[in-house]
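Peer 1: I'd like to go over a predicted model; first the sequence, then the structure.
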Amino acid sequence: MQKMKYILLPILAIFSTIAANGAFPGDETLRYDVMFKWGLINKKAGEVTIETENKADGTFTSMLIGKSAKWADRFYSVRDTLTGSIVTDGLVPLSYQKISHEGGEFKRDIITYERTGNLVNATCDRYHQKKKDKPVIHSQKLLTAEGYTIDMLSAFYYMRCLDFKSMVAGESKTMNIFSGKRKEILTITYRGREMVDNAGTDSECYKISFTFTSDGVKKTSDDLYAWISTCEKRIPIKLQGKLPVGTIKCFYVP
């Protein structure tokens with residue numbers, strides 16, 4: 001399950017020129033079941049919880065916790081925690097941290113932002129331990145981008161605030177995204193409306209896709225898909241992505 005980091009992105013995204021028509025969430029806790037499907041196999045592979053807490057200073061904090069199920073731990077154990085502080089007006093990330101234990105490997109990425117006009121500089125500190133009996137190696141990298149820039153956590157709120165009502169199927173929004181130690185280009189494409197069956201309840205949703213590229217052309221992972229409810233809260237109902245073997249689907253747990 002090495003692509004779990006991308007599955008967690010939307011659960012696992014505004015330029016000031018982009019009109020945000022979705023209602024920004026208040027304090028909330030969202031839970032998801034992560035399902036693994038391969039042929040006739042369709043089992044719960046893990047779960048994700050996302051908590052949002054608004055602050056009085058015009059910011060909010062977010063925490064995403066993802067973990068694999070016990071049976072999946074035998075193949076590839078995942079314990080991920082993402083935290084961040086984000087400015088509510090414009091969804092501008094201030095800081096981001098990801099702590100991951102995946103397949104016996106430990107990583108901790110800490111990103112701190114500095115902005116000057118349209119220029120975004122970020123310091124990324126990484127702590128990496130390949131195995132429990134190996135030393136923890138610290139490295140630091142400077143990331144730079146021009147224009148609107150988000151990270152793997154603030155993307156979850158960005159996608160919920162897009163003005164889907166004014167968009168046509170096939171229309172895309174492109175932005176920079178800092179994913180740990182590197183900068184990528186994230187393209188979110190609106191695919192139209194679809195009905196989604198979740199636990200016996202049909203929900204009308206906006207369908208979107210996520211494309212990650214290293215230079216605007218070369219893909220760094222398979223595309224992801226998300227279905228966001230058309231209701232006022234814009235809750236992501238379903239997310240889907242490919243693995244080297246099988247497919248991962250995440251379903252909102254009401």
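Peer 2: All right, it came through fine.
Peer 1: which residue ranges form the helices in this protein?
Peer 2: 4-7, 70-76, 154-160 (DSSP state H).
Peer 1: what about the strands in the stretch 151-254 of the chain?
Peer 2: 172-179, 182-198, 201-213, 224-229, 236-242, 247-252 (DSSP state E, counting those that start in this stretch).
Peer 1: Mind checking these for the one nearest to residue 67?
Peer 2: Relative to residue 67, the nearest member of those by Cβ to Cβ is strand 247-252, separated by 13.0 Å. Just so you know, the C-beta spots here come from the backbone N, C-alpha and C atoms, and that holds for glycine as well.
Peer 1: Mind listing residues that contact the closest one?
Peer 2: Here strand 247-252 makes contact (Cβ atoms under 8 Å, 6 or more residues apart in numbering) with 1, 3-4, 7, 11, 30-38, 45, 48, 198-199, 235-242.
Peer 1: quick one: average confidence on that strand?
Peer 2: Here strand 247-252 scores 89 as its mean pLDDT.
Peer 1: Find me the pLDDT at residue 160, would you?
Peer 2: With respect to pLDDT, residue 160 has a value of 85.
Peer 1: Let me see the backbone angles for the residue nearest to it when sequence neighbours are not counted.
Peer 2: Spatial nearest neighbour of residue 160, excluding adjacent residues (Cβ to Cβ, 6 or more residues apart in numbering): residue 234 at 4.2 Å. Backbone dihedrals for residue 234, given as degrees, to the nearest 10, come out at phi 50, psi 50.
Peer 1: in the chain, which ranges drop under the pLDDT threshold?
Peer 2: Within the chain, the segments meeting pLDDT under 70 span 1-25, 180, 215-216.
Peer 1: still on that earlier bit, distance to residue 224 added to the helices of the chain, as CSV?
Peer 2: CSV is the format used below for the helices of the chain (distance: least, Cβ to Cβ, whole Å):
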stretch, distance to residue 224
helix 4-7, 6
helix 70-76, 18
helix 154-160, 11
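Peer 1: Show me the one of those helices that comes nearest residue 52.
Peer 2: Closest among the helices of the chain, using Cβ to Cβ: helix 154-160, at 8.0 Å.
Peer 1: from the chain's centre, how far out does the closest one sit?
Peer 2: Offset of helix 154-160 from its chain centre (Cα atoms, centre = their mean, to the nearest Å): 8 Å.
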